[in-house]
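A.B. asks: just the structure for this:
(one chain, ligands or ions: 3)
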Amino acid sequence: PKYVYDFTEGNKDLKDLLGGKGANLAEMTNLGLPVPPGFTITSAACRYYLDHEAMPEGLDEEVGRYLSALEREMGRRLGQPDDPLLVSVRSGAKFSMPGMMETVLNIGLNDESVHGLAERSGNERFAWDSYRRLIQMFGKTVLDIEGDLFETAIDEAKEAKGVESDLDLETDDFKGLVQTYKKIVRENAGREFPTDPREQMDLAIKAVFGSWNAPRAILYRRQERIPADLGTAVNIVAMVFGNLGMDSGTGVAFTRDPASGQQGVYGDYLQNAQGEDVVAGIRSTVPLADLEQIDKRSYDELLQIMETLENHYRDLCDIEFTIESGKLWMLQTRVGKRTAAAAFRIAVQLVDQNLIDADEAVRRVTGDQLAQLMFPRFGEIADDVKTITAGMGASPGAAVGKAVFTPGRAVELADDGEDVILLRRETSPDDLNGMIAARGILTSRGGKTSHAAVVARGMGKTCVCGAEELDIDVRARQATAPGDVTIKEGDVISIDGTTGAVYLGEVAVVDSPVVQYFEGALSAAGGDELVTSVDRLMRHADSRRRLAVRANADNGEDAARARRFGAQGIGLCRTEHMFLGERRQYVEDLILAETRDDRRAALQALEPLQKQDFKEIFEAMDGLPVTIRLIDPPLHEFLPDLTDLTVKVATGDASADDERLLEAVRRLHEQNPMLGLRGVRLGVVIPGLFGMQVRAIAEAAAEVREAGREPHAEIMIPLVGAVQELEFIREEAEKVLAEVGVEALIGTMIELPRAAMTAGQIAEAAEFFSFGTNDLTQTTWGFSRDDVESAFFGRYLELGIFGVSPFETLDVDGVGRLVRIAVEEGRATRPDLKLGICGEHGGDPDSVHFFHEVGLDYVSCSPFRIPVARLEAGRAAI
Ligand code: ADP
Ligand code: MG
Ligand code: MG
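C.D. replies: Ligands and ions are numbered 1, 2, ... in the order given. The predicted structure follows:
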């Protein structure tokens with residue numbers, strides 16, 4: 001197979017093979033943009049290398065051929081002593097993983113060629129600076145040497161000279177550093193720094209391949225749900241130099257503001273600097289707009305290129321560029337990460353600019369992003385809260401938590417269930433676990449393109465960056481701000497990722513504008529661009545989707561809210577909460593009943609209470625279907641705790657009733673209650689229980705109907721495993737319905753593998769199925785949902801046994817297969833069988849796509865997830 005592609009051979013659609021960086025470098029090359037020449041080694045080569053711990057046969061020669069071609073084009077050889085070609089060796093996977101993997105710059109320098117570079121450039125300082133950078137990056141990345149060793153050495157050099165900035169270091173300082181760095185290599189890697197240019201390059205390629213499996217890369221992939229087996233491509237790019245002097249520099253730019261979506265000039269620029277310097281925050285950058293003053297020609301050209309890229313990619317692009325002695329070079333572009341709000345705005349803006357159509361716009365926003373827009377915001381600032389300072393709002397949201405200063409501490413406190421805000425001068429990829437654990441991130445340095453900002457936006461996490469007034473002291477675990485303010489570890493602070501404000505104390509949160517819009521409290525015509533954008537995309541998604549969306553709601557209030565959010569009925573109304581509170585007494589009476597009359601009396605006491613509950617829901621859902629599930633959990637859940645009772649009896653505090661209760665609790669005690677006496681089994685074993693519930697439903701429906709409304713009751717029997725169970729209950733239910741004179745559909749949940757496998761039979765007695773995917777996942781895998789999360793899921797996720805918990809996203813291969821079988825066989829028996837799903841998966845984006853594809857009629861989810869399900873159902877249908 002072909003493992004190497006010149007930039008002129010690739011294009012943006014080859015991301016699988018060339019990675020995002022390589023594919024886009026090729027695309028820019030072919031667009032005629034100024035990209036330094038180079039070539040890409042495919043991710044297939046990486047996969048081979050990781051699998052076999054050896055490079056594929058023939059790769060060496062293939063790379064050699066492409067390198068020779070590059071050398072011919074550049075008119076100099078890699079590391080040529082009198083005029084060296086230098087290259088960068090850059091990672092670049094299919095999905096962008098900012099800063100997670102490795103890149104080595106200035107490959108080709110050694111004790112000889114550094115002189116050639118100095119002579120050719122007429123800039124000795126630059127040549128030695130480049131050389132020490134090579135040894136530093138190579139040492140850290142390829143030879144696995146602690147990066148701090150190099151950092152410390154350069155800090156010492158500055159200290160010895162009495163200067164602050166690396167700009168003040170001179171040629172001799174860099175010459176000295178090169179010697180020091182080589183010594184560090186010798187002492188820590190057990191070998192000399194390799195001087196052969198091709199050896200440097202080959203070792204760097206292997207290191208980049210290997211960096212795919214660096215712990216932080218693994219962690220990032222898990223967080224972002226990027227498959228673990230893709231591998232990374234490697235790009236070999238001729239070096240251009242931003243560190244040649246003040247007419248050189250390097251920068252990053254966005255074609256639109258990634259936080260708001262607004263078009264304009266966004267980015268950061270740093271004069272006389274190379275590569276990572278911009279994002280690493282070693283010196284303060286200037287806003288991109290300042291480049292106009294510094295170098296107008298390059299600035300104009302850059303703006304022109306940004307427009308070309310936007311029109312070509314029809315999307316927000318982010319860009320890395322370098323200016324070498326007044327000449328602009330493009331080093332990277334990709335469709336840029338953005339905040340959720342920007343995603344909605346940009347999608348609609350692009351429709352209005354005729355760059356994309358409405359379908360494409362809906363495809364470009366996700367349910368997860370919509371969910372983020374529904375997070376609460378800061379409301380009024382209370383008197384005891386102090387506004388400390390402000391930075392840049394880099395990733396929106398309102399985060400409140402205890403201040404911590406190290407990623408380790410963030411993880412510790414988060415594990416104890418605390419909300420934390422991570423404060424750092426700037427973040428690096430090593431901070432990732434702390435960033436994941438934190439509710440929000442606050443840095444004192446860096447702009448909207450800093451590591452903290454980019455990663456936080458990717459994770460949808462609140463971030464304020466560049467709060468320069470904050471003096472963060474990691475060792476003392478505190479930060480100080482003007483006005484004698486000190487934030488100590490553990491102090492509660494609040495950060496606003498939209499405005500950049502930082503508060504000492506807890507700020508209360510309020511509904512987001514998007515939630516107010518869904519609630520009907522904010523009109524789409526009100527002029528808020530975000531709300532208008534959400535409105536337009538939601539309407540289009542609604543017009544496209546085939547799946548209906550219903551709500552899981554147990555009371556009138558939730559039902560009403562769900563309806564405002566767009567619910568087309570209730571897919572799951574649980575009745576068990578109707579047995580709680582003061583009604584517990586009746587359940588106890590029911591369980592303790594010794595005679596038929598006692599039992600009937602207990603049931604009769606419950607019935608009117610249930611009826612009232614149902615009436616409220618029918619009223620809220622006037623005209624729409626309401627699926628009511630008869631009682632599902634084991635009855636002992638309604639009784640007092642076994643231990644409490646035992647203690648009471650043992651200490652002689654118990655009444656006669658308590659003693660009888662204890663007996664009942666002992667009798668009902670089960671080893672595996674979730675597999676025990678619950679669901680339909682209760683209906684079969686306790687005469688009159690389901691009948692009472694059906695009567696309450698029927699009478700509620702009758703009364704609501706009489707009042708001029710239109711109730712549509714659907715009675716759902718849980719945990720059915722055999723059609724005979726359902727037939728037994730059905731007979732009782734139909735009798736009650738006939739007596740009251742109300743019609744209702746009778747159906748069942750499919751939540752046991754046996755039910756799925758015998759769905760053809762069960763459909764004989766069911767007018768509808770609703771997949772209870774929580775229990776179905778539990779019973780299919782044999783996992784107890786209440787226990788697994790703590791017991792072993794962490795380890796399973798770590799090992800990649802599954803990429804995501806099957807309770808979160810439906811396991812399509814296993815549980816999904818059962819769903820598929822039940823859909824097919826159920827419909828074969830009864831073509832008009834109604835099909836829905838009411839587990840947690842009903843609001844999960846990936847699962848919604850599966851339910852669409854398998855042909856269900858509706859999904860049902862919690863009221864707050866309804867907009868997400870509507871959007872994803874639309875996206876699934878496009
Ligand atoms: P990352 O994926 O972490 O951004 P990159 O491969 O893009 O890593 O490279 C790191 C930095 O080095 C970037 O700022 C990039 O622009 C710069 N860089 C990479 N290759 C070259 C090159 N050939 N010439 C000049 N700068 C380069
Ligand atoms: Mg980059
Ligand atoms: Mg269930």
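A.B. asks: now the residue of the stretch 501-650 of the chain found nearest ligand 3: how far from Thr777?
C.D. replies: Nearest residue of the stretch 501-650 of the chain to ligand 3 (Cβ to the ion) works out as Asp632 at 6.0 Å. C-beta: built from backbone N, CA, C; applies to glycine. Computed with Cβ to Cβ, to the nearest Å, the distance linking Asp632 and Thr777 is 16 Å.
A.B. asks: now swap in Ala501 and tell me
C.D. replies: 43 Å.
A.B. asks: that older thread, show me which of Asp632 and Thr777 is the more surrounded one.
C.D. replies: With neighbours defined as other Cβ atoms under 10 Å, Asp632 and Thr777 compare such that Thr777 has more, 24 against 21.
A.B. asks: can you map out the helices along the stretch 701-850 of the chain?
C.D. replies: With DSSP state H, counting those that start in this stretch as the criterion, the stretch 701-850 of the chain has helices at 723-740, 753-757, 759-765, 773-781, 785-788, 794-799, 815-829, 845-854.
A.B. asks: in JSON lines: those helices, plus mean pLDDT and distance to ligand 1.
C.D. replies: Compiled in JSON lines, these are given as follows (pLDDT from 0 to 100; distance: least, Cβ to the nearest ligand atom, whole Å):
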{"stretch": "helix 723-740", "mean pLDDT": "97", "distance to ligand 1": "58"}
{"stretch": "helix 753-757", "mean pLDDT": "98", "distance to ligand 1": "46"}
{"stretch": "helix 759-765", "mean pLDDT": "98", "distance to ligand 1": "50"}
{"stretch": "helix 773-781", "mean pLDDT": "95", "distance to ligand 1": "38"}
{"stretch": "helix 785-788", "mean pLDDT": "71", "distance to ligand 1": "37"}
{"stretch": "helix 794-799", "mean pLDDT": "75", "distance to ligand 1": "25"}
{"stretch": "helix 815-829", "mean pLDDT": "98", "distance to ligand 1": "36"}
{"stretch": "helix 845-854", "mean pLDDT": "97", "distance to ligand 1": "27"}
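A.B. asks: tell me how many other residues crowd the nearest residue to Arg364 once chain neighbours are set aside.
C.D. replies: Computed as Cβ to Cβ, 6 or more residues apart in numbering, the closest residue to Arg364 that is not its neighbour in sequence is Ala347, at 4.7 Å. If you count neighbours by other Cβ under 10 Å, Ala347 ends up with 22.
A.B. asks: returning to what we had before: looks to me like the residue of the stretch 501-650 of the chain closest to ligand 3 is in a strand.
C.D. replies: No. Applying DSSP: H, G, I helix; E, B strand; the rest coil, one finds Asp632 to be coil, outside a strand.
A.B. asks: that one reaches Ile717, doesn't it?
C.D. replies: No. With contacts counted by Cβ atoms under 8 Å, Asp632 stays clear of Ile717, the gap being 9.5 Å.
A.B. asks: what residues are shared contacts of the two?
C.D. replies: Both Asp632 and Ile717 are contacted by Gly679, under the criterion Cβ atoms under 8 Å, 6 or more residues apart in numbering.
A.B. asks: quick check: buried residues in stretch 492-506?
C.D. replies: 492-498, 500-505 (16 or more other Cβ atoms under 10 Å).
A.B. asks: and the protein, which residues reach ligand 2?
C.D. replies: Counting by Cβ under 5 Å from the ion, the positions of the chain adjacent to ligand 2 are Glu320, Gln332.
A.B. asks: interface residues of the chain facing ligand 3?
C.D. replies: So far as Cβ under 5 Å from the ion goes, the chain lies against ligand 3 at Glu751, Gly772, Asp775.
A.B. asks: present the residues you listed as JSON lines; the columns should include distance to Val104 and neighbour count.
C.D. replies: As requested, these are exported to JSON lines (distance: Cβ to Cβ, whole Å; neighbours: other Cβ atoms under 10 Å):
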{"residue": "Glu751", "distance to Val104": "54", "neighbour count": "27"}
{"residue": "Gly772", "distance to Val104": "54", "neighbour count": "26"}
{"residue": "Asp775", "distance to Val104": "53", "neighbour count": "22"}
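A.B. asks: quickly name whichever of those is closest to Ile628.
C.D. replies: Gly772 (14.0 Å; Cβ to Cβ).
A.B. asks: name the nearest residue to the closest one, ignoring sequence neighbours.
C.D. replies: Glu751 is the one closest to Gly772 (Cβ to Cβ, 6+ apart), at 3.3 Å.
A.B. asks: now do the one you found, the pLDDT please.
C.D. replies: Glu751 is assigned a predicted lDDT (pLDDT) of 97.
A.B. asks: next up, the contacts around it.
C.D. replies: Contacts of Glu751 (Cβ under 8 Å, 6+ apart): Pro718, Leu719, Phe771, Gly772, Thr773, Asn774, Asp775, Leu776, Thr779.
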